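Asker: quick one: sequence and predicted model below, then my questions.
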Amino acid sequence: ILNVEQSPQSLHVQEGDSTNFTCSFPSSNFYALHWYRWETAKSPEALFVMTLNGDEKKKGRISATLNTKEGYSYLYIKGSQPEDSATYLCAFSELPQRANSNYQLIWGAGTKLIIKP
Amino acid sequence: EAQVTQNPRYLITVTGKKLTVTCSQNMNHEYMSWYRQDPGLGLRQIYYSMNVEVTDKGDVPEGYKVSRKEKRNFPLILESPSPNQTSLYFCASTERGKVDTQYFGPGTRLTVL
């Protein structure tokens, strides 16, 4: 059974501080790793998708790294702002075993980030 | 505007009363899926569809049905809802077979009494 673990489960950070959290996933048969941001009462929205070992992606103050050999990804937020408060979800997909199979995403439970003004 | 719509957004119902949650996307995506989200758990896939008239079970299909008669629509049907189906439901669509973004609907919060 494939499992994606995110830590910590929740995080309180002072406004202006930088922070990071982790997504762990199976290191074999890797295909892609996704990060999504989910604000309360809204839909999850894509932040990054990464496919190559060593990938680094950046969007404004948010960045992510990927290590497929050891099965982890970090999400970093620099200079946290109140609008960064959200749950950050990661999802893993493995190489499909057959043609036309489901590119199913296996989701972590998320890290809930709360920025204190 | 590219979007996925779901209706209703909120629903309180009673055990055994059939209901349908609609999902529609305007991006011409082939791949659509339904998830449920429960506290402390990741999104779990209920059913997915890789094209019109092609549907398959995800991880937690029991108690649910789907249909895909048109590319844009992918309704979720609960023939006889039970309290353990109380959850937050998301519909999502993406380009099939690609490492691509999933676009989520706004969610449907279902309570079964």
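Answerer: Cool, got the structure. These numbers come from a predicted model, not from an experiment.
Asker: what about the closest residue to chain A within chain B, which SS state?
Answerer: Nearest residue of chain B to chain A: residue B:42, at 3.3 Å (Cβ to the nearest Cβ). Placement of C-beta: from N, CA and C, glycine included. Going by DSSP: H, G, I helix; E, B strand; the rest coil, the secondary structure assigned to residue B:42 is coil.
Asker: quick check: bridge partners of residue A:87?
Answerer: When assigned by DSSP bridges, residue A:87 has beta-bridge partners residue A:38, residue A:112.
Asker: so it makes contact with residue A:38?
Answerer: Yes: with contacts counted by Cβ atoms under 8 Å, residue A:87 reaches residue A:38, the gap being 4.6 Å.
Asker: could you tell me which residues touch both of those two?
Answerer: The contact sets of residue A:87 and residue A:38 overlap at residue A:110 (Cβ atoms under 8 Å, 6 or more residues apart in numbering or on different chains).
Asker: I'd assumed residue A:52 was in contact with residue A:65.
Answerer: No: with contact defined as Cβ under 8 Å, residue A:65 does not reach residue A:52; the gap is 11.3 Å.
Asker: any low-confidence regions in chain B?
Answerer: Filtered on pLDDT under 70, chain B yields the residue ranges B:96-99.
Asker: let me fix that: chain A
Answerer: Chain A contains residues with pLDDT under 70 at A:1, A:97-103.
Asker: residues from it in reach of chain B?
Answerer: Proximity of chain A to chain B, by Cβ under 8 Å from any Cβ of the partner chain, involves residues A:4, A:31-32, A:34, A:36, A:42-46, A:49, A:51, A:89, A:91, A:93, A:100, A:102-110.
Asker: kindly list the main-chain dihedrals of the residue of chain B closest to chain A?
Answerer: Torsion angles at residue B:42 (phi, psi; degrees, to the nearest 10) stand at phi -70, psi 170.
Asker: what about it, distance to residue A:6?
Answerer: Using Cβ to Cβ, to the nearest Å, residue B:42 is found at 8 Å from residue A:6.
Asker: between these two, which contacts overlap?
Answerer: With Cβ under 8 Å, 6+ apart, residue B:42 and residue A:6 have common neighbours A:89, A:108-110.
Asker: now render those residues as JSON lines, adding secondary structure and neighbour count.
Answerer: Below are those laid out as JSON lines (DSSP: H, G, I helix; E, B strand; the rest coil; neighbours: other Cβ atoms under 10 Å in any protein chain shown):
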{"residue": "A:89", "secondary structure": "strand", "neighbour count": "26"}
{"residue": "A:108", "secondary structure": "coil", "neighbour count": "24"}
{"residue": "A:109", "secondary structure": "coil", "neighbour count": "20"}
{"residue": "A:110", "secondary structure": "coil", "neighbour count": "25"}
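Asker: ok, now which ones touch the residue of chain B closest to chain A?
Answerer: Residue B:42 makes contact with A:4, A:89, A:91, A:106-110 under the criterion Cβ under 8 Å, 6+ apart.
Asker: might one say that residue A:10 is in contact with residue A:112?
Answerer: Yes: contact between residue A:10 and residue A:112 holds when scored by Cβ under 8 Å: they sit 4.2 Å apart.
Asker: more crowded one of these two?
Answerer: Higher neighbour count among residue A:10 and residue A:112: residue A:112, with 18 against 11, using other Cβ atoms under 10 Å in any protein chain shown.
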